[in-house]
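J.: got a predicted model here, sequence first, then my questions.
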Amino acid sequence: MHNAQVPMEGKPGSSRVTPTASNGVFGSAERGSNEQIKRLLKSYGLRTSLIRLKVIDALLKAADENRRLGVRGVHSQLLGLDIPLSFLSVREVLKRLCSEGVVTLNPDKSYSLHHQAVALLSTGE
């Protein structure tokens with residue numbers, strides 16, 4: 001349930017950065033690194049959390065291997081890396097990332113990074 005006294009993260013429209021490749025927020029770090037993912041989340045007005053970092057990293061790895069992952073696939077990949085997260089936690093993180101525009105739910109129920117998020121991650125200086 002929403003507590004009106006606690007501001008919802010990423011919701012104040014005036015302080016939110018519109019994610020565009022021209023923001024130049026990624027410097028020269030290697031694609032998919034934690035620092036880049038942290039900057040990506042920040043550019044969307046989201047806080048950094050371990051689960052968000054791991055979920056985005058799992059989606060990046062799957063994309064690099066030309067694979068598509070649904071909630072179960074992301075969850076399985078994280079369990080395979082000894083990251084003990086519940087299925088429900090992974091599902092909720094994916095839903096939140098979708099609602100913020102970082103991740104896209106594809107017609108086949110798989111998830112992928114939104115093209116703007118990919119552009120932000122691949123932007124280097």
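T.: That came in fine, so what should we check first? Every value quoted in this text rests on a predicted model; they were computed, and no experiment measured them.
J.: got a pLDDT number for residue 67?
T.: Model confidence at residue 67, expressed as pLDDT, equals 93.
J.: find the nearest non-adjacent residue to it, please.
T.: Closest residue to residue 67 apart from its sequence neighbours, by CB to CB, 6 or more residues apart in numbering: residue 73 at 7.8 Å. All C-beta spots, glycine's among them, are computed from the backbone N, C-alpha and C.
J.: counting neighbours, which bits of the helix or strand harbouring that neighbour end up buried?
T.: Here residue 73, judged by DSSP states H and E, is contained in helix 71-80. Neighbour-count burial for helix 71-80 flags 71, 73-75, 77-78 (criterion: 16 or more other CB atoms under 10 Å).
J.: who's in contact with the residue nearest to residue 67?
T.: 62, 67, 110 (CB atoms under 8 Å, 6 or more residues apart in numbering).
J.: who wins for most neighbours among these?
T.: Sorting the contacts of residue 73 by how many neighbours each has (other CB atoms under 10 Å) puts residue 62 first, at 19 neighbours.
J.: surely that one is in contact with residue 68?
T.: Yes: the pair residue 62 / residue 68 is scored as a contact, 6.7 Å apart, by CB atoms under 8 Å.
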